[in-house]
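K.L.:
dropping a prediction and its sequence here:
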Amino acid sequence: MADHCCPKGAWRADGRPIQAGAEPCRLCKRVIINAGLDKRVTKNGNGEVITHHVKDWVTHEDMDYRIEPKESDAHTLIPQADVVAITGTSPTNHTLEHLLELCDSTAYVVMLGDTVPLSPVLFDYGVHALSGTRVVDADLAHKCVSQGANFRQIKGTRRLTLLKG
């Protein structure tokens, strides 16, 4: 079982606290990545400052994504999950409602990805965090897209995370 360090606190799956300065779990890394942060600075139990570079997590996560659960596993995995990450394309492909129905009422639900609708209305439906992208300079973003840029090459955008208040 994975360790979790989400907003409810820092703990291991067996209930033991995570050591100060430990790396965040995969989900929390994704939230930090989507927030557009460059680094995370913590202290370990000896008071030493530890800097985690977010770009290293992106490289590692790209490798992790090669092994994915099957779609048919959702009905058994999601109801058991303490933390559920739902892709931003789920409203478009009409799966969001069903995925939210599968979530346990105590699960921490995050919508992740560049296409996440950054609408607080989603908080009324059981979502706790929205991690997506906002265009801050439409002209610059349009220029990049019109020149064939992939998402990571598009300038004029900012990754951000909205949390349920």
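P.N.:
Sure thing, it's come through.

K.L.:
show me the strands in the chain, by range?
P.N.:
39-43, 49-53, 83-87, 108-112, 129-135, 157-163 (DSSP state E).

K.L.:
what are the buried residues along the fifth one?
P.N.:
So the one you mean is strand 129-135. Neighbour-count burial for strand 129-135 flags Ala129, Leu130, Ser131, Gly132, Thr133 (criterion: 16 or more other CB atoms under 10 Å). No exception for glycine: its C-beta is placed from N, CA and C like everyone else's.

K.L.:
likewise for the second one?
P.N.:
Neighbour counts using 16+ other CB under 10 Å place His52 of strand 49-53 among the buried residues.

K.L.:
partners of it in the sheet?
P.N.:
Under the criterion DSSP bridges, strand 49-53 sits next to strand 39-43 (antiparallel) in its sheet.

K.L.:
do me a favour and average the pLDDT over the strand it pairs with.
P.N.:
Mean pLDDT, strand 39-43: 76.

K.L.:
also stretch 97-109?
P.N.:
93.

K.L.:
picking up where we left off before, will you turn the strands of the chain into TSV that also has distance to Ser119?
P.N.:
Below are the strands of the chain laid out as TSV (distance: least, CB to CB, whole Å):
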stretch	distance to Ser119
strand 39-43	27
strand 49-53	30
strand 83-87	14
strand 108-112	10
strand 129-135	8
strand 157-163	9
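
K.L.:
least reliable of the ones you listed going by mean pLDDT?
P.N.:
Among those, strand 39-43 carries the lowest mean pLDDT (a mean of 76).

K.L.:
state the pLDDT value of the residue of the chain positioned farthest from its centre.
P.N.:
Largest separation from the mean C-alpha position in the chain: Asn46, at 29.4 Å (CA atoms, centre = their mean). Asn46 is assigned 73 on the pLDDT scale.

K.L.:
and if you look at Arg30?
P.N.:
Reported pLDDT for Arg30: 74.

K.L.:
and it, how close does it get to Leu96?
P.N.:
In this view, Arg30 and Leu96 are 18 Å apart by CB to CB, to the nearest Å.
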